[in-house]
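In: What follows is a predicted structure for the sequence shown.
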Amino acid sequence: MFERIYIEDTVRDHCRTVGILKKFPTAEAIPCSRYGEIFNLKRQNFRVQKAKPALILAEKQGTKVLPTPAEYGLGADRHYYFSHMLNCLYDCRYCFLQGMYRSSNFVLFVNYEDFESEIKEVANAHPDETCIFFSGYDCDSLALESLTGFAGHFLQTFRELPNSTLELRTKSAKVSSLLEAKPLTNVVVAFTLSPDPVAQALEHKAPTLSARIRAIKKLASHGWKIGLRFDPLIYFVNCEKVYRDFVDETLKQIPLAAIHSITLGLFRSPKTIFNNMESLYPEEPLFMGNLKLSNGIVRYSEEVETRFAETAEAQILKHVPEDLLFRQQ
(Lines give C-alpha, C1' and ligand atoms only; values in the text may rest on other atoms or scores of the structure.)
Protein backbone atom coordinates (compact mmCIF):
# COMPACT_ATOMS: atom_id res chain seq x y z
CA MET A 1 0.00 0.00 0.00
CA PHE A 2 2.78 2.44 0.93
CA GLU A 3 5.91 2.69 -1.21
CA ARG A 4 7.51 5.37 0.98
CA ILE A 5 7.43 5.68 4.76
CA TYR A 6 8.99 8.69 6.44
CA ILE A 7 10.06 8.18 10.05
CA GLU A 8 10.77 10.86 12.60
CA ASP A 9 14.03 10.26 14.44
CA THR A 10 12.28 10.31 17.83
CA VAL A 11 9.99 7.39 16.96
CA ARG A 12 12.43 5.29 14.94
CA ASP A 13 12.60 2.60 17.63
CA HIS A 14 9.03 2.93 18.91
CA CYS A 15 7.29 -0.45 19.08
CA ARG A 16 4.44 0.82 16.91
CA THR A 17 6.89 2.04 14.26
CA VAL A 18 8.72 -1.27 14.23
CA GLY A 19 5.45 -3.17 13.87
CA ILE A 20 4.23 -1.02 10.98
CA LEU A 21 7.52 -1.28 9.09
CA LYS A 22 7.30 -5.06 9.28
CA LYS A 23 3.99 -4.85 7.41
CA PHE A 24 5.67 -3.03 4.52
CA PRO A 25 9.03 -4.75 4.06
CA THR A 26 9.53 -3.40 0.54
CA ALA A 27 8.69 0.23 1.35
CA GLU A 28 11.48 2.79 1.24
CA ALA A 29 12.09 3.96 4.83
CA ILE A 30 13.24 7.60 4.89
CA PRO A 31 14.36 9.32 8.12
CA CYS A 32 13.33 12.89 8.95
CA SER A 33 13.67 15.23 11.91
CA ARG A 34 10.04 16.40 12.04
CA TYR A 35 7.02 15.43 9.96
CA GLY A 36 6.44 19.03 8.90
CA GLU A 37 9.56 18.84 6.74
CA ILE A 38 7.57 16.57 4.45
CA PHE A 39 3.95 17.36 5.21
CA ASN A 40 4.20 21.15 5.01
CA LEU A 41 6.40 21.49 1.93
CA LYS A 42 5.29 24.20 -0.48
CA ARG A 43 4.18 23.48 -4.04
CA GLN A 44 2.66 20.11 -3.22
CA ASN A 45 -0.43 19.02 -5.14
CA PHE A 46 -3.00 17.40 -2.87
CA ARG A 47 -4.93 15.98 -5.82
CA VAL A 48 -1.88 14.36 -7.47
CA GLN A 49 -0.51 12.99 -4.19
CA LYS A 50 -3.86 11.43 -3.34
CA ALA A 51 -3.27 8.74 -5.97
CA LYS A 52 -0.22 7.40 -4.12
CA PRO A 53 0.30 8.99 -0.71
CA ALA A 54 3.22 8.27 1.55
CA LEU A 55 3.00 7.41 5.25
CA ILE A 56 4.73 9.56 7.84
CA LEU A 57 5.31 8.11 11.33
CA ALA A 58 5.65 10.88 13.87
CA GLU A 59 5.41 11.93 17.50
CA LYS A 60 2.56 14.24 18.47
CA GLN A 61 4.03 17.03 20.56
CA GLY A 62 2.35 19.73 22.63
CA THR A 63 -1.31 19.64 23.62
CA LYS A 64 -3.08 16.56 22.29
CA VAL A 65 -6.62 16.98 23.62
CA LEU A 66 -8.52 20.14 22.72
CA PRO A 67 -12.01 21.47 23.55
CA THR A 68 -14.45 21.42 20.64
CA PRO A 69 -16.13 24.63 19.44
CA ALA A 70 -19.20 25.44 21.53
CA GLU A 71 -21.64 24.66 18.70
CA TYR A 72 -20.44 21.05 18.39
CA GLY A 73 -21.70 18.85 21.16
CA LEU A 74 -23.83 15.90 22.14
CA GLY A 75 -25.28 17.04 25.43
CA ALA A 76 -22.35 16.16 27.71
CA ASP A 77 -20.91 18.63 30.20
CA ARG A 78 -17.63 18.82 28.31
CA HIS A 79 -16.58 17.96 24.73
CA TYR A 80 -13.06 17.41 23.43
CA TYR A 81 -11.37 16.11 20.30
CA PHE A 82 -8.01 14.56 19.52
CA SER A 83 -6.28 13.49 16.30
CA HIS A 84 -4.00 10.49 16.22
CA MET A 85 -3.75 10.87 12.44
CA LEU A 86 -3.86 13.54 9.74
CA ASN A 87 -5.61 12.88 6.41
CA CYS A 88 -8.10 10.27 5.32
CA LEU A 89 -8.07 7.17 3.15
CA TYR A 90 -11.19 8.39 1.36
CA ASP A 91 -11.51 11.25 -1.11
CA CYS A 92 -14.76 13.07 -0.38
CA ARG A 93 -15.15 16.25 -2.41
CA TYR A 94 -16.72 18.19 0.46
CA CYS A 95 -13.97 17.31 2.96
CA PHE A 96 -12.21 20.29 4.53
CA LEU A 97 -8.92 18.36 4.81
CA GLN A 98 -8.19 18.84 1.10
CA GLY A 99 -8.44 22.59 1.56
CA MET A 100 -6.59 22.76 4.88
CA TYR A 101 -3.49 20.65 4.18
CA ARG A 102 -0.93 21.06 1.44
CA SER A 103 -0.20 17.35 1.46
CA SER A 104 -2.38 14.26 1.13
CA ASN A 105 0.29 12.09 2.74
CA PHE A 106 -0.82 10.34 5.93
CA VAL A 107 0.67 11.36 9.26
CA LEU A 108 0.30 8.76 12.01
CA PHE A 109 1.26 9.86 15.51
CA VAL A 110 2.46 6.63 17.07
CA ASN A 111 2.77 7.88 20.67
CA TYR A 112 -0.70 6.68 21.70
CA GLU A 113 0.39 6.44 25.32
CA ASP A 114 0.85 10.21 25.49
CA PHE A 115 -2.65 10.75 24.09
CA GLU A 116 -3.95 8.28 26.64
CA SER A 117 -2.27 10.07 29.54
CA GLU A 118 -3.71 13.42 28.50
CA ILE A 119 -7.22 12.00 28.00
CA LYS A 120 -7.12 10.48 31.48
CA GLU A 121 -5.80 13.72 32.95
CA VAL A 122 -8.63 15.74 31.38
CA ALA A 123 -11.31 13.23 32.37
CA ASN A 124 -10.06 12.84 35.93
CA ALA A 125 -9.99 16.61 36.37
CA HIS A 126 -13.81 16.58 36.03
CA PRO A 127 -14.93 13.49 37.98
CA ASP A 128 -18.47 14.78 38.51
CA GLU A 129 -19.06 15.79 34.88
CA THR A 130 -19.63 13.86 31.69
CA CYS A 131 -17.00 14.21 28.98
CA ILE A 132 -17.06 13.16 25.32
CA PHE A 133 -13.85 12.76 23.34
CA PHE A 134 -14.25 12.86 19.56
CA SER A 135 -11.88 11.03 17.24
CA GLY A 136 -12.02 11.08 13.47
CA TYR A 137 -12.22 14.74 12.44
CA ASP A 138 -8.74 14.97 10.90
CA CYS A 139 -8.87 11.37 9.67
CA ASP A 140 -11.19 8.36 9.70
CA SER A 141 -11.12 6.50 13.01
CA LEU A 142 -11.46 2.99 11.57
CA ALA A 143 -10.44 3.02 7.89
CA LEU A 144 -6.83 2.06 8.64
CA GLU A 145 -7.44 0.11 11.84
CA SER A 146 -5.58 -2.95 10.54
CA LEU A 147 -2.50 -0.74 10.21
CA THR A 148 -2.85 1.55 13.22
CA GLY A 149 -4.55 -0.55 15.91
CA PHE A 150 -5.96 2.77 17.12
CA ALA A 151 -9.44 1.69 18.20
CA GLY A 152 -8.18 -1.46 19.87
CA HIS A 153 -5.78 0.57 21.99
CA PHE A 154 -8.23 3.25 23.05
CA LEU A 155 -11.02 0.85 23.90
CA GLN A 156 -8.80 -0.24 26.76
CA THR A 157 -8.31 3.38 27.79
CA PHE A 158 -12.03 4.09 28.04
CA ARG A 159 -12.75 0.93 30.01
CA GLU A 160 -11.11 2.83 32.86
CA LEU A 161 -13.04 6.09 32.30
CA PRO A 162 -16.71 5.48 33.11
CA ASN A 163 -17.52 9.21 33.21
CA SER A 164 -16.21 9.69 29.66
CA THR A 165 -17.36 8.63 26.21
CA LEU A 166 -15.27 8.00 23.10
CA GLU A 167 -16.77 8.68 19.68
CA LEU A 168 -15.15 6.87 16.75
CA ARG A 169 -16.20 8.82 13.64
CA THR A 170 -15.98 6.78 10.45
CA LYS A 171 -17.23 5.88 7.00
CA SER A 172 -15.51 2.51 7.11
CA ALA A 173 -17.34 -0.79 6.76
CA LYS A 174 -14.33 -2.65 8.19
CA VAL A 175 -15.58 -3.28 11.70
CA SER A 176 -14.30 -6.79 12.38
CA SER A 177 -12.02 -5.60 15.19
CA LEU A 178 -15.03 -4.15 17.03
CA LEU A 179 -17.12 -7.25 16.42
CA GLU A 180 -14.36 -9.29 18.04
CA ALA A 181 -14.28 -7.00 21.10
CA LYS A 182 -16.66 -6.70 24.02
CA PRO A 183 -18.93 -3.66 23.47
CA LEU A 184 -18.47 -0.72 25.79
CA THR A 185 -21.44 1.43 26.76
CA ASN A 186 -19.21 4.53 26.71
CA VAL A 187 -17.93 4.03 23.16
CA VAL A 188 -20.01 5.27 20.21
CA VAL A 189 -19.31 4.17 16.64
CA ALA A 190 -20.49 7.19 14.65
CA PHE A 191 -21.07 6.76 10.91
CA THR A 192 -21.20 9.62 8.45
CA LEU A 193 -24.05 8.83 6.06
CA SER A 194 -25.31 10.45 2.87
CA PRO A 195 -28.02 9.38 0.41
CA ASP A 196 -26.83 7.34 -2.57
CA PRO A 197 -26.73 10.23 -5.08
CA VAL A 198 -24.44 12.21 -2.76
CA ALA A 199 -22.31 9.21 -1.77
CA GLN A 200 -21.80 8.15 -5.38
CA ALA A 201 -21.02 11.64 -6.65
CA LEU A 202 -18.93 13.03 -3.80
CA GLU A 203 -17.66 10.31 -1.47
CA HIS A 204 -14.98 8.81 -3.68
CA LYS A 205 -13.17 5.69 -2.44
CA ALA A 206 -15.53 5.44 0.55
CA PRO A 207 -17.69 2.34 1.15
CA THR A 208 -21.16 2.49 -0.35
CA LEU A 209 -24.12 3.54 1.74
CA SER A 210 -25.42 -0.04 1.74
CA ALA A 211 -22.04 -1.33 2.98
CA ARG A 212 -22.06 1.17 5.84
CA ILE A 213 -25.62 0.24 6.78
CA ARG A 214 -24.66 -3.44 6.86
CA ALA A 215 -21.75 -2.60 9.16
CA ILE A 216 -24.03 -0.58 11.42
CA LYS A 217 -26.53 -3.44 11.69
CA LYS A 218 -23.77 -5.89 12.61
CA LEU A 219 -22.40 -3.58 15.28
CA ALA A 220 -25.87 -2.86 16.67
CA SER A 221 -26.68 -6.57 16.92
CA HIS A 222 -23.37 -7.05 18.72
CA GLY A 223 -24.29 -4.43 21.33
CA TRP A 224 -22.36 -1.35 20.20
CA LYS A 225 -23.92 2.09 20.48
CA ILE A 226 -24.32 3.79 17.10
CA GLY A 227 -24.09 7.45 16.15
CA LEU A 228 -25.66 8.61 12.88
CA ARG A 229 -24.05 11.68 11.34
CA PHE A 230 -26.12 13.14 8.51
CA ASP A 231 -23.36 15.59 7.75
CA PRO A 232 -23.00 17.55 5.57
CA LEU A 233 -26.42 17.98 4.04
CA ILE A 234 -25.80 18.70 0.36
CA TYR A 235 -28.29 20.76 -1.62
CA PHE A 236 -29.31 19.69 -5.14
CA VAL A 237 -32.43 19.45 -7.29
CA ASN A 238 -35.13 17.42 -5.51
CA CYS A 239 -32.82 16.98 -2.52
CA GLU A 240 -35.54 17.32 0.10
CA LYS A 241 -37.44 14.29 -1.17
CA VAL A 242 -34.21 12.34 -1.58
CA TYR A 243 -33.19 13.09 2.00
CA ARG A 244 -36.65 12.27 3.37
CA ASP A 245 -36.58 8.85 1.69
CA PHE A 246 -32.98 8.31 2.78
CA VAL A 247 -33.72 9.11 6.43
CA ASP A 248 -36.78 6.85 6.43
CA GLU A 249 -34.99 3.91 4.86
CA THR A 250 -31.95 4.28 7.12
CA LEU A 251 -33.82 4.58 10.40
CA LYS A 252 -36.13 1.68 9.58
CA GLN A 253 -33.10 -0.60 9.48
CA ILE A 254 -31.45 0.40 12.76
CA PRO A 255 -32.92 -0.56 16.16
CA LEU A 256 -33.84 2.52 18.15
CA ALA A 257 -32.22 1.04 21.25
CA ALA A 258 -28.86 1.00 19.49
CA ILE A 259 -28.90 4.70 18.54
CA HIS A 260 -26.81 6.89 20.82
CA SER A 261 -27.33 10.14 18.90
CA ILE A 262 -28.09 11.66 15.52
CA THR A 263 -26.55 14.87 14.23
CA LEU A 264 -27.44 17.14 11.33
CA GLY A 265 -24.88 19.43 9.75
CA LEU A 266 -24.92 21.64 6.67
CA PHE A 267 -22.05 22.31 4.28
CA ARG A 268 -19.94 25.19 5.53
CA SER A 269 -16.35 26.12 4.89
CA PRO A 270 -14.03 29.02 5.72
CA LYS A 271 -13.37 31.02 2.56
CA THR A 272 -9.64 30.21 2.34
CA ILE A 273 -10.20 26.48 2.72
CA PHE A 274 -13.06 26.58 0.21
CA ASN A 275 -10.90 28.42 -2.33
CA ASN A 276 -8.22 25.74 -1.98
CA MET A 277 -10.79 22.98 -2.47
CA GLU A 278 -12.26 24.72 -5.50
CA SER A 279 -8.84 25.12 -7.09
CA LEU A 280 -8.26 21.37 -6.86
CA TYR A 281 -11.58 20.53 -8.52
CA PRO A 282 -12.65 23.60 -10.54
CA GLU A 283 -15.27 21.60 -12.48
CA GLU A 284 -16.87 20.05 -9.39
CA PRO A 285 -20.63 20.91 -9.44
CA LEU A 286 -20.69 21.06 -5.63
CA PHE A 287 -18.58 24.22 -5.75
CA MET A 288 -20.40 25.87 -8.64
CA GLY A 289 -23.87 26.71 -7.41
CA ASN A 290 -26.13 27.59 -4.47
CA LEU A 291 -23.20 28.49 -2.21
CA LYS A 292 -22.63 32.03 -0.95
CA LEU A 293 -20.03 33.85 1.12
CA SER A 294 -21.32 35.16 4.46
CA ASN A 295 -19.02 36.60 7.13
CA GLY A 296 -16.03 34.70 5.78
CA ILE A 297 -17.90 31.38 5.57
CA VAL A 298 -19.03 29.72 2.35
CA ARG A 299 -22.48 28.22 2.91
CA TYR A 300 -25.96 27.88 1.45
CA SER A 301 -28.31 30.81 1.83
CA GLU A 302 -30.09 31.13 5.15
CA GLU A 303 -33.40 30.36 3.47
CA VAL A 304 -32.07 27.15 1.91
CA GLU A 305 -30.36 26.09 5.13
CA THR A 306 -33.45 26.63 7.24
CA ARG A 307 -35.85 24.85 4.90
CA PHE A 308 -33.47 21.98 4.22
CA ALA A 309 -32.52 21.39 7.86
CA GLU A 310 -36.11 21.62 9.09
CA THR A 311 -37.23 19.09 6.48
CA ALA A 312 -34.53 16.61 7.49
CA GLU A 313 -35.11 17.21 11.19
CA ALA A 314 -38.86 16.62 10.90
CA GLN A 315 -38.27 13.35 9.10
CA ILE A 316 -35.80 12.13 11.72
CA LEU A 317 -38.20 12.96 14.55
CA LYS A 318 -40.77 10.63 13.02
CA HIS A 319 -38.46 7.80 14.07
CA VAL A 320 -36.57 8.90 17.19
CA PRO A 321 -37.24 11.01 20.30
CA GLU A 322 -36.07 14.61 20.22
CA ASP A 323 -33.37 14.11 22.84
CA LEU A 324 -31.39 11.94 20.41
CA LEU A 325 -31.15 14.67 17.75
CA PHE A 326 -28.45 17.36 17.74
CA ARG A 327 -28.21 20.04 15.08
CA GLN A 328 -24.66 21.18 14.36
CA GLN A 329 -24.41 24.89 13.55
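Out: Okay, I see it. Numbering: from 1, shown residues only.
In: Now for L219, how many residues are close by?
Out: Counted with other C-beta atoms under 10 Å, residues neighbouring L219 total 20. Placement of C-beta: from N, CA and C, glycine included.
In: contacting residues for it?
Out: Taking C-beta atoms under 8 Å, 6 or more residues apart in numbering, we find L219 in contact with 175, 178-179, 189, 226, 258.
In: Then P53?
Out: P53 sits next to 2, 87, 104-106 when contact means C-beta under 8 Å, 6+ apart.
In: Just want to check the distance between it and A220.
Out: Distance from P53 to A220, counting by C-beta to C-beta, to the nearest Å: 33 Å.
In: Could you do E129 as well?
Out: Applying C-beta to C-beta to E129 and A220 gives a distance of 28 Å.
In: try D196
Out: Taking C-beta to C-beta, one finds D196 at 21 Å from A220.
In: Those two: which has the busier surroundings?
Out: A220 (19 against 14).
In: you'd agree the more buried one is in a helix?
Out: Yes: under DSSP: H, G, I helix; E, B strand; the rest coil, A220 sits within a helix.
In: so it sits right up against L256, yeah?
Out: No: contact status for A220 versus L256: not in contact, 10.1 Å apart, counting by C-beta atoms under 8 Å.
In: which residues touch K218?
Out: 175, 179.
In: Need phi/psi at E284.
Out: As for E284, its main-chain torsions (degrees, to the nearest 10) stand at phi -70, psi 120.
In: May I ask you to confirm that it is in contact with E278?
Out: Yes: when contacts are counted by C-beta under 8 Å, E284 is listed as touching E278 (7.5 Å).
In: Is the closest residue to Q49 other than its chain neighbours in a helix, a strand, or coil?
Out: Leaving out its chain neighbours, the residue that sits closest to Q49 by C-beta to C-beta, 6 or more residues apart in numbering is S104, at 4.2 Å. With three-state DSSP as the basis, S104 sits in coil.
In: And the helices in the stretch 51-200 of the chain?
Out: 97-100, 112-124, 145-148, 150-159, 176-179, 196-202 (DSSP state H, counting those that start in this stretch).
In: Packed most tightly, which of the ones you listed would that be?
Out: Across these, averaging neighbours per residue (mean count of other C-beta atoms under 10 Å) puts helix 97-100 on top, at a mean of 19.
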